[in-house]
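Chemist: here's my sequence, what's the structure:
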Amino acid sequence: MELTATTTVRKPASEVYAFWRDLGNLPTFMAHLQEVRATGGRTSHWSASAPFGTNVEWDAEIIDEAAGEKIAWRSTGNADVPNAGTVRFVPAPDGVSTEVQVLLTYDIPGGPVGKAVAKYFGEEPHQQLDDDLRRLKQVLETGEVVRSDGAPWGKRARKEFPQRPAQPLSASDLAKGADA
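Modeler: Sure, this is the predicted structure:
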């Protein structure tokens, strides 16, 4: 399976790249990642949740990297889910923002049947990647994943990012808005 997704983050490419390159940050916005642990300068160990309450793990290596521009990786050894990908950090036309472009390829356990079962249980890979990039944007621009009253406990089935209720603007926030 091959997935692509893009989002624009209102931060410079060097900052977005640095955040992503610190692999321990990835679980803060990638819902299925439980842990990413660096095991060397270009190697890491990944742990993720999978359908039916199972977990998958793999080792990965960075195979190509240009500081502030791109990171390419692939799984190594006997990965539960063989995968590879590239993320590019492209300065946006506004001169301030960064386009984050992700290409991800992986083998779904169970092939087409596994894909159908995962989709049935709300694990559609394209939507997951889009959601992950939306959360990346939120974390980098606001410092947290933005929550709403619509689903204050997150997606319970996936135990995904418990949410806090939305808050009305405070008097000082309202005053700041009036000054702008």
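
Chemist: in the chain, which spans are helices?
Modeler: Read by DSSP state H, the chain holds these helices, from start to end of the chain: 13-21, 111-120, 125-142, 171-179.

Chemist: what's the least confident stretch among those helices?
Modeler: Ranked by mean pLDDT, the helices of the chain end with helix 111-120 at the bottom, a mean of 56.

Chemist: which ones are touching Val87?
Modeler: Taking CB atoms under 8 Å, 6 or more residues apart in numbering, we find Val87 in contact with 20, 70-72, 100-103. The C-beta positions use only the backbone N, C-alpha and C, and glycine is treated the same way.

Chemist: need those residues in CSV with neighbour count, can you?
Modeler: Written out in CSV, the entries for the contacts of Val87 read as follows (neighbours: other CB atoms under 10 Å):
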residue, neighbour count
Trp20, 18
Lys70, 15
Ile71, 20
Ala72, 16
Val100, 24
Gln101, 16
Val102, 19
Leu103, 15
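
Chemist: and these, which is closest to Thr4?
Modeler: Distance from Thr4 was checked for each of the contacts of Val87 by CB to CB. The minimum falls on Leu103, at 5.3 Å.

Chemist: just give me the closest of the contacts of Val87 to Lys11.
Modeler: Val100 (9.8 Å).

Chemist: show me what contacts the nearest residue to that closest one once chain neighbours are set aside?
Modeler: The shortest distance from Val100 to any residue other than its chain neighbours is 5.3 Å, reached at Thr7 (CB to CB, 6 or more residues apart in numbering). Contacts for Thr7 were tallied using CB under 8 Å, 6+ apart; they are 99-100, 133-134, 136-137.

Chemist: if we go to 10 Å?
Modeler: With contacts defined as CB atoms under 10 Å, 6 or more residues apart in numbering, the neighbours of Thr7 are 16, 97-102, 129-130, 132-137, 140.

Chemist: same question for Arg10.
Modeler: Counted by CB under 10 Å, 6+ apart, Arg10 has contacts 16, 92, 94, 96-98, 137, 140-141.
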